[in-house]
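Colleague: Whatever this is, show me its structure:
(4 chains)
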Protein chains: 2
Amino acid sequence: MDRAPTDAPRLTTPTLQDVAARAGVSTATVSRALNFPDRVAAATRDRVMQAVADLGYSPNFGARAMAARRTNTIGAIIPTMENAIFARGLQAFQDGLRAEGFTLLVASSAYSAAEEEEQIRTLVARGADGLLLIGHERDRRIRDFLDARGIPALVTWAFDANAAHPSVGFDNRAAMRTLADRAIEMGHSRLAMISADTVGNDRAAERVAGVRKAMAAAGLDAADLTVIVTPYGIDNGGRALAQLMARDRAPTVVLCGNDVLAVGALRQARLMGLDVPGDLSITGFDDIELAQVAVPELTTVHVPHRKMGAEAARVLARMVRDGAPAEAVKLPADLRMRASLAPPRARRGGPRMWWPGASRR
Amino acid sequence: MDRAPTDAPRLTTPTLQDVAARAGVSTATVSRALNFPDRVAAATRDRVMQAVADLGYSPNFGARAMAARRTNTIGAIIPTMENAIFARGLQAFQDGLRAEGFTLLVASSAYSAAEEEEQIRTLVARGADGLLLIGHERDRRIRDFLDARGIPALVTWAFDANAAHPSVGFDNRAAMRTLADRAIEMGHSRLAMISADTVGNDRAAERVAGVRKAMAAAGLDAADLTVIVTPYGIDNGGRALAQLMARDRAPTVVLCGNDVLAVGALRQARLMGLDVPGDLSITGFDDIELAQVAVPELTTVHVPHRKMGAEAARVLARMVRDGAPAEAVKLPADLRMRASLAPPRARRGGPRMWWPGASRR
DNA sequence: TTGTACGCGTTATCAA
DNA sequence: TTGATAACGCGTACAA
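Modeller: Below is the predicted model:
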């Protein structure tokens, strides 16, 4: 009665009803045929599937979510999509999730706590059964929000067994410290850093802390460490390096909070006519593809993106499915020694004048 | 009766009902207060908002979508998130969308037609009011699917005024041709390409066609063009270059289908001890950040990522809102001449031995 | 193995 | 300005 008897194409999306009508069964049967194929007779199942194909039916997600009270969807909020930092890990995460029968929804927060909170609410409103978050540091309210709704969240890109949420990640501080140790062993004593803002970014904070710890352990004054804070970005890395080199007592090694900043610094050094690593060593963090394309190739901390993503998928899937209280997983992050870090003043080529500031303690 | 009279925190997400009860109004009023604040009395509105805040209420997206029959959500399917090719454009798109009151949902197809189709269905099932697609080439079924549901789709990263869907993009063929023209003018006659698979990828196909056209116009035999086909990826670009240089009659210029391949080729050339652009010129396409970080800096085609994203947001928002049949927008993509392209055999520095194969026609 | 009927949380129409 | 109430499309007891 509400449908004209013509054969004009309906500009409407087919529903379960339509499929049921065409297959000559009830909507319940269609639903079952779709969700539990083995609980319906083969013959009816075939009829249903045929009707589904004929109509180009696909289930309405919202309705399904509402009725089933679950979506098989996982949400992830990453700080940025602008560069490849999180890309590889996320890809692995998505692949792992798919294998577990989940779909991934990604949002980005632009490194803003407020935006992250909004995105979390959005994803939850959209029915995310679980959440992947980057780093531990965030407002307590968010944890309460998720707890109240019984939505499990897993943190990655950081590791802290005692934090509010379980994590699958690595120890940012220890990793950076290892790198700084190595630089100091090589004879560097004038270190500087280029870092992202450490407010609300525990990975950045931990990395700075790692350098300070290495300095203190080597008998250097950690207070001497100059840290330029700037948003991630190639150009920003370049500008920061320029600032650093303009100071008196310029550093002999610049440890960057990530590869993107480091590549920018590298580029700036080249523009300034500085030889890396002859005049100046530069290091990164993350080991994204960029690091190996840079000239000279970048010494950096290798983050196990793929393994981390895959592992996170496994753990989070378990949390969502079993309501399990989740194992935290600590992954190793090791050094990738490449050309951009070398002893200060290019002493590699053979004996040279010894320079007081470059003592090995 | 179904709720224990204790004050134990309910592990459930608050609904409109809950808010209504707490504010002492009907659900209809809460809904209005949320969606049309000026259609309810200031006093009641305040009460409602307070209840919303108290409860930490956020509307269930699925239910809302079902009742309102629209989601203010736009879906985008991009070929990959693994590198930054689409990142900047997508960011601009998202920003533009937000300004128009829409939310963006992103999915990636891994350059697979089948996956793209699946993602399209998924996004539509999730209620996307409109879709952003990359490139024109896809199965006819998809267009029918979208047409039947009345879901507008906009194509970007390509321009074709006559295609099924309207587009906001640039002319891949013309852009690549301009670059090839330039190389030929410089004296190159032995061109080669490294391209992504052109099946189902009209951008790649058009770029190859552009080079062929330039060769033909210059009196070169387009059939002579060697094209190595490989998936996008830095390593793949490197391997392809190695293959190219192993052939007899190696090229003097390698035009790459995008910057990622080009940077890989650049790296491989360095490993092989080839001087770029002295021994060999290499060019890219896209002008992502990578291009300026590469050594030597990459000559490439500049794609107006930001403008394209912003414009696409504007146009698609109009399509969704007004059901408007959409203006196609053609954007310019111009050359960025940098160091990686130069006349063959490094004749720039002064007189040199002339080499037969390197004639300038 | 299949069908009936209710509820999921929201918007929107219609009355009051 | 507000309140009832009927959809929206699907899953799932429960019954047949």
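
Colleague: Looking at the host helix or strand of A:L146 now, give me its mean pLDDT.
Modeller: Element membership for A:L146 (DSSP states H and E) is helix A:140-149. Helix A:140-149 shows a mean pLDDT of 93.

Colleague: Repeat that for stretch A:278-298.
Modeller: pLDDT averaged over stretch A:278-298 gives 95.

Colleague: Same question for stretch A:208-218.
Modeller: For stretch A:208-218, the mean per-residue pLDDT is 98.

Colleague: now swap in stretch A:308-318 and tell me
Modeller: Rounded mean pLDDT across stretch A:308-318 is 97.

Colleague: Run the chain-centre distance for it.
Modeller: Chain-centre distance of stretch A:308-318: 13 Å, with C-alpha atoms, centre = their mean, to the nearest Å.

Colleague: Just list the residues touching A:L191, thanks.
Modeller: A:A180, A:A183, A:I184, A:V211, A:M215, A:L220, A:L225, A:P251, A:T252, A:V253, A:V254, A:L255 (C-beta atoms under 8 Å, 6 or more residues apart in numbering or on different chains). The way it works is simple: take the backbone N, C-alpha and C, and place the C-beta from them, glycine included.

Colleague: let's go with 6 Å and repeat that
Modeller: Taking C-beta atoms under 6 Å, 6 or more residues apart in numbering or on different chains, we find A:L191 in contact with A:L225, A:P251, A:V253.

Colleague: on that earlier part again, which secondary structure elements does whichever helix or strand comes after the helix holding A:L146 sit against?
Modeller: Next helix or strand after helix A:140-149 toward the C-terminus (DSSP H and E): strand A:153-156. Other helices and strands packing on strand A:153-156, by 3 or more C-beta pairs under 6 Å, 6 or more residues apart in numbering or on different chains; DSSP states H and E, are strand A:130-134, strand A:167-169, helix A:305-322.

Colleague: Just give the strands next to strand A:153-156 in its sheet, each with its orientation.
Modeller: Using DSSP bridges, the strands paired with strand A:153-156 are strand A:130-134 (parallel), strand A:167-169 (parallel).

Colleague: ok, back up a step: return the entry from the contacts of A:L191 with the maximum number of neighbours.
Modeller: Counting by other C-beta atoms under 10 Å in any protein chain shown, A:V253 has the largest number of neighbours within the contacts of A:L191, with 28 neighbours.

Colleague: and that residue, how far is that from A:R47?
Modeller: 71 Å (C-beta to C-beta, to the nearest Å).

Colleague: Please apply the same query to A:G89.
Modeller: For A:G89, the distance to A:R47 - C-beta to C-beta - is 44 Å.

Colleague: Model confidence for A:D322, exactly?
Modeller: 88.

Colleague: what comes up buried for stretch A:223-241?
Modeller: A:225-230, A:232-241 (16 or more other C-beta atoms under 10 Å in any protein chain shown).

Colleague: Oops, could you answer that again for stretch A:248-255 instead?
Modeller: Using 16+ other C-beta under 10 Å as the test for burial, stretch A:248-255 gives A:P251, A:T252, A:V253, A:V254, A:L255.
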